[in-house]
Structure formats: C-alpha cells, structure tokens
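In: Please work out how this folds:
(2 chains)
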Amino acid sequence: DAGVIQSPRHEVTEMGQEVTLRCKPISGHDYLFWYRQTMMRGLELLIYFNNNVPIDDSGMPEDRFSAKMPNASFSTLKIQPSEPRDSAVYFCASSSIRGVNEQYFGPGTRLTVT
Amino acid sequence: KQEVTQIPAALSVPEGENLVLNCSFTDSAIYNLQWFRQDPGKGLTSLLLIQSSQREQTSGRLNASLDKSSGRSTLYIAASQPGDSATYLCAVKGGANNLFFGTGTRLTVIP
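Out: From the prediction side, this is the model:
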C-alpha cells in the first residue's frame, strides 16, 4: 500500500487567499483525521471522519476552516481566507477499527502564509 | 481534557547506550497508547501500539510498557544507533477516537 498520501507537500500563499489541502487515506481505512502541528502547540486534532461522516470538529479553530470527505478515498481541508497564524504543518492520518485503530500518518503539508 | 507529558524534552546519548523515554497522562481511561517517531521535516511513523489491556509491546530493539493506573508509559531503546536520532512522540487514545499527543522527546545518538 502507498500509505496516506497528501498534497501538496509545500504551500506558500499570501494572506487572504484560499488554501486547499488534500488527503487520500489508506484503502480500507474507515477513519480519517486532520491534525495541525506547530512549535507552540504541538500536534492538535482538527477534525475526524468515520465512514466519510464528520464526527468531531471541535478542534477546528474557526469558521475559516472547513473539511470535507466526499468519498472513502479523498478528503480536503480548506482555509478561506488564510492568515499568517495558520502557518503550520498539516497532517492527515487514517485508521481502521479492524486494525485496532492504529493511526498511520501522511507526510504532511507545510503551509506558509505570508 | 487529557494532558500528555513527555520527559525529557531532549536527550543526547553515545551510540550503544540503552535509554528510556517517559510519557505520562492525566486520564487513565484510555483505549490505547501509541509511540511514534518523527524525523525532521517528515511525517509520523508508528512504532508501537499498546492496547489498554496490555502491559507491554516489543518490536526489535524497542520495548514499550504501559501502566494505565498510574498514567505512565515508557519506551525503552536498546543498543542505540545514530539512525535512532529523531523526535519520539507518545499519544493516548480516549473513547472518542482522537489522539492526544505529548510534546515529544528529541533524541540524538552520538556516533
């Protein structure tokens, strides 16, 4: 298996622009998670899906952030409008209850908002 | 809310030494605990997962233990190698499926 795939790997954008991050989970996994990592706050869960349905979005910082999972093999995290404080590494992870929910992480997207 | 603490924040050891990394958590009602490795600029690689009913897991030179009642886990690395240099993160999973991460221990193994 190719593992969790994320794109782009790096994104540099100007404040106010829309940013879309993409994730393809491991085939057969029924949970998908979006995390953000910063030096100040470490790794934080933003939102997670089960069977394409958002279960807990309490970690989404504000209404500028939105996430979708239109099917089992694709998810997006959108920031609109972006702000410099959104600069971080965004990770996607997936897991399967059959795999005792061990989470597998993608390589991350490093976002810089200038 | 679950709080996960890792000490030390950084550790430097000579090659060949055995070492222990510590992780503590405040809420013992966990589903499992997972240890990850993160190399600079990279994603997280899962090393070991311990279910709440288990006491330890082993993989090669790595051994992770779990004492749920006291809210502690340790990661033991035997015969450390320069390639073990990375940041090690522990994460606990509650019933809600989300992971709570510690801030990590940055390990440097000196050749």
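In: Which parts of chain A are helices?
Out: Secondary structure of chain A (DSSP state H): no helices located.
In: contacting residues for the nearest residue to residue B:30 once chain neighbours are set aside?
Out: Nearest-residue entry for residue B:30: residue B:92, 4.6 Å, with adjacent residues in sequence omitted and distances by CB to CB, 6 or more residues apart in numbering or on different chains. C-betas here are computed from N, CA, C, even on glycine. Each residue near residue B:92 by CB atoms under 8 Å, 6 or more residues apart in numbering or on different chains is listed here: B:2, B:4, B:25, B:27, B:30, B:32-34, B:99-100.
In: Then residue B:10?
Out: B:105-108.
In: Most widely separated two among the contacts of residue B:92?
Out: B:27 and B:34 (15.7 Å; CB to CB).
In: Which of the two has more residues huddled nearby?
Out: Set side by side, residue B:27 and residue B:34 give different neighbour counts by other CB atoms under 10 Å in any protein chain shown, the larger being at residue B:34 (24 against 13).
In: Would you map the strands across chain B?
Out: B:4-7, B:10-14, B:19-25, B:32-38, B:44-51, B:56-59, B:62-67, B:72-77, B:86-93, B:99-101, B:105-110 (DSSP state E).
In: An error on my part: the question was meant for chain A.
Out: Secondary structure of chain A, counting by DSSP E: strands at A:5-7, A:10-13, A:19-24, A:31-38, A:42-50, A:53-56, A:65-71, A:74-79, A:88-95, A:104-105, A:109-113.
In: I'd like those strands as CSV, with mean pLDDT, mean neighbour count and distance to chain B appended.
Out: Below are these laid out as CSV (pLDDT from 0 to 100; neighbours: other CB atoms under 10 Å in any protein chain shown; distance: least, CB to the nearest CB, whole Å):
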stretch, mean pLDDT, mean neighbour count, distance to chain B
strand A:5-7, 96, 17, 8
strand A:10-13, 97, 14, 10
strand A:19-24, 98, 19, 12
strand A:31-38, 94, 23, 6
strand A:42-50, 92, 21, 4
strand A:53-56, 92, 14, 6
strand A:65-71, 97, 15, 14
strand A:74-79, 98, 19, 15
strand A:88-95, 95, 24, 6
strand A:104-105, 92, 22, 4
strand A:109-113, 97, 18, 8
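In: mind checking how far residue A:62 is from chain B?
Out: With the distance defined as CB to the nearest CB, to the nearest Å, residue A:62 ends up 19 Å from chain B.
In: ignore the last one, residue A:18
Out: Separation of residue A:18 from chain B (CB to the nearest CB) stands at 24 Å.
In: Need phi/psi at the residue nearest to that residue when sequence neighbours are not counted.
Out: Excluding its sequence neighbours, the residue lying closest to residue A:18 (CB to CB, 6+ apart) is residue A:80, at 4.2 Å. Note on residue A:80: its backbone torsions stand at phi -150, psi 120 [degrees, to the nearest 10].
In: which ones are touching residue A:80?
Out: The contact partners of residue A:80, by CB under 8 Å, 6+ apart, come to A:18-19, A:64, A:66.
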